[in-house]
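**Student:** what's the 3D shape of this:
(one chain, ligands or ions: 2)
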Amino acid sequence: MLNLWSWRDVEDTAHVGVSEGPYLDRILDLKIVDPGFDSVAAVWAYEPNTRALAEVLETWLTEVPDRVTLKPESLTVPVPLLECWAAGVTYQMSRDARLEETQGAEQFYRLVYEAERPEIFFKAPGPRVVGPEDSVGLRRDSHWQIPEPELTVIVDPRGEIFGFTVGNDMSSRDIEGENPLYLPQAKIFHHSAAIGPSIVLAGTWDPSVQEITMVIHRAGQIVFKGAVNTALMRRTSELLVQYLRRDWPIEGWTALMTGTTIVPPPEFSLEENDAIMIDITGIGRLVNYARRIGPSWANVPNL
Ligand code: DO4
Ligand code: MG
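**Tutor:** Ligands and ions are numbered 1, 2, ... in the order given. Next up, the predicted model:
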């Protein structure tokens, strides 16, 4: 497995590196190979075919012995994104959680889980997606909010699957439950999408059999813990990307979250300062901190 990492050093210079596995202490800084390599996009421009890129990266890892150790807080969003999209109700558990929270729209969730066409919705413009160790937003007009840990596909500017990362599709259950037409407000708000920490290169890792774990800490205590396997997904990443691309030309780096199957119990809602830790085997741990959106942080008017 090959992992690509993006970070900024103390002088705020952008770097990209590669490791064999999700290990922050074994990363080859690709600036050693070519000073122009400062992002995943630059490495992809050098070799856009993922199979050929894997061979090139393996060669560099063998020939260049230098390794760096990164601090998690230096990591950035792993690729400069144009857009972030998300798929929904791709696992039975997500369907069941929506059946429970919705007020009168149960049939839509049942139907979309079974239907040939998946649910796909816009999540965020790429520059508004946050990376590791950043804050994720809590809406001020919601009292039932959760993180959704999701395997996330990274699609390259030609529309091909480049790799996979960890995503957090922050969601408001009460707003979505009140009326499915409120979905955009339940899903799109300040810092509602987070991805990272690494991108595992397609073809070097199997997305269909990976463990996803989520742990939420509050004031030093674990308040939620859950684990599942991507094998339970009803659809494949390839199929979701095919639907995303239908009559929507991909024009830049794109993230597609593939749906959740870890849903905390109904009595659980995130609180300010909760630490959300999401692990996917082979990719690493995405950590974010819940923060209430408001004038002091997000430059929004008072409610
Ligand atoms: O139908 C609403 C959203 C579903 C979703 O985000 C998920 O299943 O992960
Ligand atoms: Mg989701």
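**Student:** nearest residue to the residue of the chain found nearest ligand 1 in space, please, no chain neighbours.
**Tutor:** Using C-beta to the nearest ligand atom, the closest approach of the chain to ligand 1 is made by residue 88 at 2.6 Å. C-beta coordinates here come from the backbone N, C-alpha and C atoms, glycine included. Nearest-residue entry for residue 88: residue 119, 4.1 Å, with adjacent residues in sequence omitted and distances by C-beta to C-beta, 6 or more residues apart in numbering.
**Student:** double-check that neighbour against residue 112; I have them as touching.
**Tutor:** Yes. The pair residue 119 / residue 112 is scored as a contact, 4.8 Å apart, by C-beta atoms under 8 Å.
**Student:** now do the shared contacts for those two.
**Tutor:** The contact sets of residue 119 and residue 112 overlap at 88, 89 (C-beta atoms under 8 Å, 6 or more residues apart in numbering).
**Student:** re the thing from before, what's the burial count for the residue nearest to residue 88?
**Tutor:** Neighbour count for residue 119, taken as other C-beta atoms under 10 Å: 21.
**Student:** and for residue 182?
**Tutor:** Counted with other C-beta under 10 Å, residues neighbouring residue 182 total 14.
**Student:** isn't it right up against residue 176?
**Tutor:** Yes. With contact defined as C-beta under 8 Å, residue 182 reaches residue 176; the gap is 6.2 Å.
**Student:** how much space between residue 242 and residue 250?
**Tutor:** Residue 242 sits 12 Å away from residue 250, taking C-beta to C-beta, to the nearest Å as the criterion.
**Student:** quick one, which of those two is more surrounded?
**Tutor:** Under the criterion of other C-beta under 10 Å, the comparison of residue 242 against residue 250 puts residue 250 first, with 17 against 12.
**Student:** please name the nearest non-neighbouring residue to the more buried one.
**Tutor:** Spatial nearest neighbour of residue 250, chain neighbours left out: residue 159 (4.0 Å); criterion: C-beta to C-beta, 6+ apart.
**Student:** for residue 163, what are its contacts?
**Tutor:** Contacts of residue 163 by C-beta under 8 Å, 6+ apart are 4, 50, 153, 154, 199, 200, 201, 202.
**Student:** number of nearby residues for whichever residue of the stretch 1-150 of the chain sits closest to ligand 2?
**Tutor:** Nearest to ligand 2 in the stretch 1-150 of the chain, going by C-beta to the ion, is residue 148, at a distance of 3.8 Å. Using other C-beta under 10 Å, residue 148 has 23 neighbouring residues.
**Student:** I'd like the numbering to begin with 421 instead of 1 from here.
**Tutor:** All set: I'll call the first residue 421, so the last point we hit is now residue 568.
**Student:** now do the same for the residue nearest the centre of the chain: its pLDDT.
**Tutor:** Per C-alpha atoms, centre = their mean, the C-alpha nearest to the average position across the chain is that of residue 587, at 1.7 Å. Model confidence at residue 587, given as pLDDT, is 98.
**Student:** identify the bridge partners of it.
**Tutor:** Residue 587 has these beta-bridge partners by DSSP bridges: residue 570, residue 615.
**Student:** does residue 638 really touch residue 692, like I thought?
**Tutor:** No. In this structure, residue 638 is not within contact of residue 692 by C-beta under 8 Å, at 9.6 Å.
**Student:** which one's more surrounded, those two?
**Tutor:** residue 638 (15 against 11).
**Student:** so in terms of bridging, what pairs with the more buried one?
**Tutor:** Beta-bridge partners, per DSSP bridges, of residue 638: residue 641.
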